[in-house]
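**Q** Sequence plus the predicted model coming up.
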Amino acid sequence: MVDTPEVQEAIQAYYRNDAEREWQRMERHRTEFAVTLRALEAHLPPTPARVLDCGGGPGRYAQALTQRGYTVTLFDLSPDLLALARARAAEAGVTIADFAQGTATDLSRYPDDTFDAVLLMGPLYHLLEEAERRQALAEAYRVVKPGGPVFASFISRYAGHRYAARAEMEYLLTRPEESEALLAHGTLPPRPDGGFIAYFAHPLEVTPLCASVGLDVETVLGVEGLVSMIEEGVNSLEGEAWDAWVDLNYRLSADPSLHGAVEHLLAICRKPCWRAALRSIAQTLASAGIDYRVVGGAGLALRGLPIPVRDIDLEMTPADVYRFETLFADRVVERVAWSEGVEWRSHFGRFDFDGVTVEVMGGLSRRVGDHWAPSFLMTRADVAFEGLSVATSTLEEDALSAIRRGRLDRAAVILPHCDPERLQALLREALVNEMF
């Protein structure tokens, strides 16, 4: 791991040398600041929500959000930037709720589900290993409440070379090895003479990385919009002309075709409520000894597939569906009962877990021709989920189930992740048993 005390000290030294420059950065890059504030205003919960500004440095965003009525905790690795943040807040008459020093990979001082929103707009710049970036995102995920947003910023892969083309044209000749390493791996490691320590993220890796810790990625913005590296004229504007350019750049910031040619990417993510509901359900079912499978979109999302989750579907035996109703009697929306339609039949019940719909089916079967074929549930895959083991069917079974139901769009997402031999064996078995 690179996030060691030595590297942390090198990063602290970088900001110690010129903390004031970091405060002034948002003066030089007004478009980035304005577009980011637009994004925060659009996706933050209402005031006076609690916000953790993790890696907020000298407190530009912490001040702005406090002035809008939010309760902000400013957390940063650099004591010098925190000291400047305190001074600037006092000068502005802004009372930031708390100041704390530490690393974004360890937010253990904060319990789970503490904040209504988390800003992670800085730490991911300096974490050189993917495991460290994932850990910082996982900590943000842990401390934000279900349904709360996480705003994660990245330096874009080609930002360094774009800067060099403007200000250090000899860079390709004077530091060719660093240039090639930056293009290939995105890393700018510590150097004996100090300087910037950073990771430059390829735009295509941002969404998978955020999703890998359980976050839903709603959008990714290139916060400089059209004016990255050509912003000086626009940033000098005021009034109606300035507002028009902010509007345009915010509107275009979500266009993926711009994301390789901006300096910073902002992933707007959310901690999905369904995961908190599933965690509670899985804990209770494990204690009760009930065998089940998470199926549908939630089951696929647990395996890391980019499937939107609208509700949680569970399959189990008919007897266990009624036990489920007893365990969660206070969550019942539709009591468990035998239900039979044209294509499907099962013991079925519907429940509400703080706004998350959970549908439970027992003995599910589907009409195939002139007979009823039981739901597959011939396989089991145990998935590690927030410290628990959650049971799903295998991806091969999910693929066949999607095909059987005519969900070819979903099958197309699942099939590349399937084992061909297991898939063929399962299909043969289904055909023999007239389940397809």
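**A** Nice, thanks for sending it over. Numbering: from 1, shown residues only.
**Q** quick one: the helices in the stretch 101-250 of the chain?
**A** Secondary structure of the stretch 101-250 of the chain (DSSP state H, counting those that start in this stretch): helices located at 123-126, 130-143, 159-167, 171-174, 176-185, 203-211, 232-235, 239-252.
**Q** mind listing what's buried in the second one?
**A** Along helix 130-143, these residues count as buried under the neighbour rule (16 or more other C-beta atoms under 10 Å): 132, 133, 134, 135, 136, 137, 138, 139, 140, 141, 142, 143. Backbone N, C-alpha and C define where each C-beta goes, glycine included.
**Q** Nearest to residue 49 among those?
**A** In terms of C-beta to C-beta, no member of the buried residues of helix 130-143 lies closer to residue 49 than residue 143, at 13.6 Å.
**Q** distance of residue 228 from residue 235?
**A** Look at residue 228 and residue 235: by C-beta to C-beta, to the nearest Å, they are 12 Å apart.
**Q** circling back to that earlier point, could you dump the helices of the stretch 101-250 of the chain into a markdown table with distance to residue 266 and mean pLDDT added?
**A** As requested, the helices of the stretch 101-250 of the chain are exported to a markdown table (distance: least, C-beta to C-beta, whole Å; pLDDT from 0 to 100):
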| stretch | distance to residue 266 | mean pLDDT |
| --- | --- | --- |
| helix 123-126 | 11 | 96 |
| helix 130-143 | 14 | 97 |
| helix 159-167 | 14 | 94 |
| helix 171-174 | 26 | 95 |
| helix 176-185 | 21 | 94 |
| helix 203-211 | 9 | 95 |
| helix 232-235 | 18 | 94 |
| helix 239-252 | 11 | 97 |
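**Q** that's a helix at residue 402, yeah?
**A** Yes: with DSSP: H, G, I helix; E, B strand; the rest coil as the criterion, residue 402 is part of a helix.
**Q** That one contacts residue 418, correct?
**A** No: when contacts are counted by C-beta atoms under 8 Å, residue 402 is not listed as touching residue 418 (11.0 Å).
**Q** thinking again about what came up before, what's the closest of the buried residues of helix 130-143 to residue 159?
**A** Within the buried residues of helix 130-143, proximity to residue 159 (C-beta to C-beta) peaks at residue 133, which comes in at 16.5 Å.
**Q** on that earlier part again, will you turn the helices of the stretch 101-250 of the chain into a markdown table that also has distance to residue 72?
**A** Compiled in a markdown table, those are given as follows (distance: least, C-beta to C-beta, whole Å):
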| stretch | distance to residue 72 |
| --- | --- |
| helix 123-126 | 16 |
| helix 130-143 | 14 |
| helix 159-167 | 27 |
| helix 171-174 | 38 |
| helix 176-185 | 34 |
| helix 203-211 | 22 |
| helix 232-235 | 25 |
| helix 239-252 | 22 |
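**Q** tell me the most buried of the ones you listed?
**A** Sort the helices of the stretch 101-250 of the chain by mean neighbour count, taking mean count of other C-beta atoms under 10 Å, and helix 123-126 sits at the top with a mean of 25.
**Q** per-residue pLDDT, the closest residue to residue 389 other than its chain neighbours?
**A** Leaving aside its chain neighbours, residue 389 sits nearest to residue 382 (4.9 Å; criterion: C-beta to C-beta, 6 or more residues apart in numbering). With respect to pLDDT, residue 382 has a value of 94.
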